[in-house]
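1. got a sequence here, can you model it:
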Amino acid sequence: RIRRKEAMAAARFLGAIYHGSLCNDIEVFYEKRLLAKIGAIVRRIAPDIILTHCPTDYMEDHANTCRLTVTAAFCRGMRNFPVEPSVLPTHRPVAVYHAQPYGTREGLGRLVVPDLFVNVESVLERKTEMLAMHRSQKNWLDESQGVNSYLAAMKDLGREVGRMSRKYRIAEGWTRHNHLGFCKPGHDPLMAALKKDVQLVWPRERRESSAFQ
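-> Modelled structure (predicted):
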């Protein structure tokens, strides 16, 4: 109940619409019933952009959240996949983007280099204020993982991704999911929306020669 109030407060702060939890923390499994519920939300909203976790994040429930979200988006137009509650399919194109994993490294410790770097320096304080609303997370992270303030950890991650970009001081990293089944090739609404604050710095085709590999 406490976390629900925190999430609702953060949504109000952003002017976003809050959708209630579908299961308990950690109990996020890739299974049909949960997929049907997420599928209903995706069909009802019919989003242009979906931002979700890294497929290889350090926690299994993060990775499962990613898998469920991607499959729900892929099935948004499939009439033979029933969702709960029932919602008519949508064929609206959607672009899916994956966030950087925590610490910029996937579960086995390998560095993840994003496709897009977003300059967030101008909104860092607003982002910090929003994240600070998740007060119940602070003590747990400090005690269980030694994060030493999740707000400081967020800023450190932003500076690390900024250095990785070779352009921005503080940045977020995002990787665009394969377009097949979601939208046309080259459809990149996140880059179009953010314009001057986002840059395709290290395209997937050039990663093998990247100094970050």
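
2. and the next helix or strand past the helix or strand of the chain with the lowest mean pLDDT?
-> The helix or strand of the chain with the poorest confidence is helix 135-145; it has a mean of 68 (mean pLDDT, DSSP states H and E). As assigned by DSSP states H and E, the chain's next helix or strand after helix 135-145 is helix 150-165.

3. mind giving me the packing neighbours of that next one?
-> In terms of contacts (3 or more CB pairs under 8 Å, 6 or more residues apart in numbering; DSSP states H and E), helix 150-165 is packed against strand 116-119, helix 124-131, helix 135-145, strand 171-176. All C-beta atoms are positioned from the backbone trio N, CA, C, and that covers glycine.

4. give me the residues contacting the second one.
-> For helix 124-131, contacts defined as CB atoms under 8 Å, 6 or more residues apart in numbering pick out 10, 13-14, 120, 150-151, 154-155, 158, 170.

5. JSON lines for the helices and strands packed on helix 150-165, including mean neighbour count?
-> Putting those into JSON lines (neighbours: other CB atoms under 10 Å) gives the following:
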{"stretch": "strand 116-119", "mean neighbour count": "22"}
{"stretch": "helix 124-131", "mean neighbour count": "14"}
{"stretch": "helix 135-145", "mean neighbour count": "12"}
{"stretch": "strand 171-176", "mean neighbour count": "22"}
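
6. for these, which one sits closest to residue 36?
-> Closest to residue 36 of these, according to CB to CB: strand 171-176, at 26.1 Å.

7. direction included, what does the closest one pair up with?
-> Here strand 171-176 is paired, per DSSP bridges, with strand 95-99 (antiparallel), strand 116-119 (antiparallel).

8. now do the SS call for residue 179.
-> For residue 179, the assignment made with DSSP: H, G, I helix; E, B strand; the rest coil gives coil.

9. residues in contact with it?
-> Residue 179 neighbours (CB under 8 Å, 6+ apart): 95, 185-187.

10. next, count neighbours for residue 193.
-> Residue 193 has 11 neighbours, counted by other CB atoms under 10 Å.

11. against residue 48, how distant is it?
-> Distance, residue 193 to residue 48, using CB to CB, to the nearest Å: 9 Å.

12. still on that earlier bit, make a PyMOL selection of the buried ones in the contacts of helix 124-131.
-> Typed into PyMOL, the next command selects the buried ones out of these (criterion: 16 or more other CB atoms under 10 Å):
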select buried, resi 10+120+150+154+155+158+170
